[in-house]
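Participant: The amino acid sequence is not available; the structure is as follows:
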């Protein structure tokens, strides 16, 4: 199998809203604000665990907050800090975060894959990583199949049912 793509190519794929692994599958396909679960082309999972989408929000905040502060400072300093300057900064941050949301999520997936890659679903995985694809008969791994530690194992029927003495 081929080698991993370069870092810059992976980041460009993320900025374009494409899968960081193959560059073909879109991160957002049908929904405006909800990412696909996995790439339709290579099968790489975008959401690796519950709450994984928060990383995209962090990337979004790293851009929107400084821009909102910069607009507030640039507008407020020459005008003598009128009352509406904080609202202008907040509106700018809101508009930037809304407009950059999709790109920030897909960029986060690119960063995530660069820092912690998983094997692609093809035979053999990437060169040199010693990995491989999961068994196709098992099906894709499901994050929702993780057992809840607060709930114990289900007792067998014979143990769960109390026998009443016959009178």
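Facilitator: Noted; the coordinates are in hand. The structure presented is a predicted model; accordingly, all values stated were derived computationally and were not measured. Residues are numbered from 1 along each chain as shown.
Participant: what ranges of the protein fall below the confidence cut-off?
Facilitator: 1-3, 31, 118-167 (pLDDT under 70).
Participant: Helices along that one, start to end?
Facilitator: 7-15, 54-79, 85-99, 101-115, 157-160 (DSSP state H).
Participant: helices or strands up against the fourth one?
Facilitator: In terms of contacts (3 or more C-beta pairs under 8 Å, 6 or more residues apart in numbering; DSSP states H and E), helix 101-115 is packed against helix 7-15, helix 54-79. Quick note: C-beta positions are derived from backbone N, CA and C, even for glycine.
Participant: buried sites along the last one?
Facilitator: Spelled out, it's helix 54-79. 55, 56, 59, 60, 63, 64, 67, 68, 71, 72, 75, 76 (16 or more other C-beta atoms under 10 Å).
Participant: again with stretch 33-42
Facilitator: Neighbour-count burial for stretch 33-42, with 16+ other C-beta under 10 Å as criterion, is recorded at 35, 36, 38, 39, 42.
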